[in-house]
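> coords below, sequence missing:
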């Protein structure tokens, strides 16, 4: 009975661990539901949904599930709640440090959002760009938060960071 009490109390180590596992499982299940939902929408091409935007938003929502689970977990566990309050008090400094540490990653995400808004290309478009190996032409197969994946005619994959796609000259062949 005492073990059950400890598992249900987030102030104890076993309880904090149990709640952590619980929140992680909930986040995984929600992310999978969102992924299945987006695949179902993508399968219905008669809805007129843009595949590029759908995949991008789907990934963003899946990531949000884990972030929200972590926030709820931090507010539930007393020790982490105190740490969260202290970090909130120093949010300016923390955001600066995190921003500098994740500058490249955040740049990729911002570039991905810009590419989604400006739509210079979409999934299925044939584009030509300059790569380290020279000019490469490929079909856009995947567009994610951080990179764009192209497949060439000879079956090679070219994975280009979104920040490079945003700043490069791209020729869209229709």
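Noted; the coordinates are in hand. For clarity, every value in this text was computed on a predicted model and none was experimentally measured. Numbering: from 1, shown residues only.
> After the biggest helix by length in the chain, heading C-terminal, what element do we hit next?
Taking residue count as the measure and DSSP state H as the definition, the longest helix of the chain comes out as helix 13-43. Scanning forward in sequence from helix 13-43, with DSSP states H and E defining helices and strands, the next element found is helix 51-76.
> Determine the angle, from 0 to 180 degrees, between that next one and helix 13-43.
Calculated by axes from the mean of the first three to the mean of the last three Cα atoms, to 10 degrees, helix 51-76 forms an angle of 170 degrees with helix 13-43.
> Can you spell out which helices and strands pack onto helix 51-76?
Contact analysis of helix 51-76 by 3 or more Cβ pairs under 8 Å, 6 or more residues apart in numbering; DSSP states H and E lists helix 13-43, helix 78-89, helix 103-118, strand 134-143 as its packing neighbours. In short, each C-beta sits where N, CA and C put it, glycine included.
> Out of those, flag the one nearest residue 125.
Closest of the helices and strands packed on helix 51-76 to residue 125 is strand 134-143, at 5.0 Å (criterion: Cβ to Cβ).
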